[in-house]
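Trainee: sequence? don't have it. structure:
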């Protein structure tokens with residue numbers, strides 16, 4: 001891998017997927033198909049749980065970067081929900097209070113007290 005100071009991503013502790021054929025980009029609807037950027041994939045993030053269920057996705061224009069810290073926070077929230085069933089509110093971080101999943105407004109309000 002190319003070093004960070006040389007414009008690369010440095011050493012990773014997880015596998016990195018390449019999409020040279022653009023088949024994944026096409027399947028996930030993040031491939032630009034027209035204009036001067038045709039053939040380029042949007043900056044996209046998909047968090048898929050071990051059961052194959054999509055937990056989160058986002059797509060940014062090419063000019064807008066992503067926050068690695070936010071992606072890791074979202075992965076932890078998806079994992080927490082999958083294990084415990086609780087709802088992880090906005091800006092939730094591991095160890096913070098969660099909400100019980102419910103359509104009952106009184107139960108949801110307990111979180112805000």
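Mentor: Yep, that arrived. Worth saying up front: this structure is predicted, and the values here are computed from it rather than measured. Residues are numbered from 1 along each chain as shown.
Trainee: Kindly list the longest helix within the chain.
Mentor: Counting residues, the longest helix found in the chain (DSSP state H) is helix 68-84.
Trainee: The closest residue to residue 24 other than its chain neighbours: which element?
Mentor: On the basis of C-beta to C-beta, 6 or more residues apart in numbering, the spatially nearest residue to residue 24 that is not a chain neighbour turns out to be residue 17, at 7.4 Å. All C-beta spots, glycine's among them, are computed from the backbone N, C-alpha and C. Assigning secondary structure by DSSP states H and E places residue 17 outside every helix and strand.
Trainee: just checking, residue 17 touches residue 25?
Mentor: No. Here residue 17 does not reach residue 25: they are 11.0 Å apart, not a contact under C-beta atoms under 8 Å.
Trainee: Neighbour count for those two, which is higher?
Mentor: Neighbours around residue 17 and residue 25, counted as other C-beta atoms under 10 Å, are more numerous at residue 25. The numbers are 18 against 5.
Trainee: Tell me the confidence at that one?
Mentor: At residue 25, the model reports a pLDDT of 94.
Trainee: Let me know whether residue 24 touches residue 18 as I believe.
Mentor: No. Using C-beta under 8 Å, residue 24 is not in contact with residue 18, being 9.2 Å away.
Trainee: Would you mind telling me which of the two has more residues around it?
Mentor: For residue 24 and residue 18, the more surrounded residue by other C-beta under 10 Å is residue 24, and the numbers stand at 16 against 6.
Trainee: contacting residues for residue 56?
Mentor: When contacts are counted by C-beta atoms under 8 Å, 6 or more residues apart in numbering, residue 56 is found next to 45, 46, 47, 74, 78.
Trainee: That one sits in which helix or strand?
Mentor: Taking DSSP H and E as the criterion, residue 56 maps to strand 54-60.
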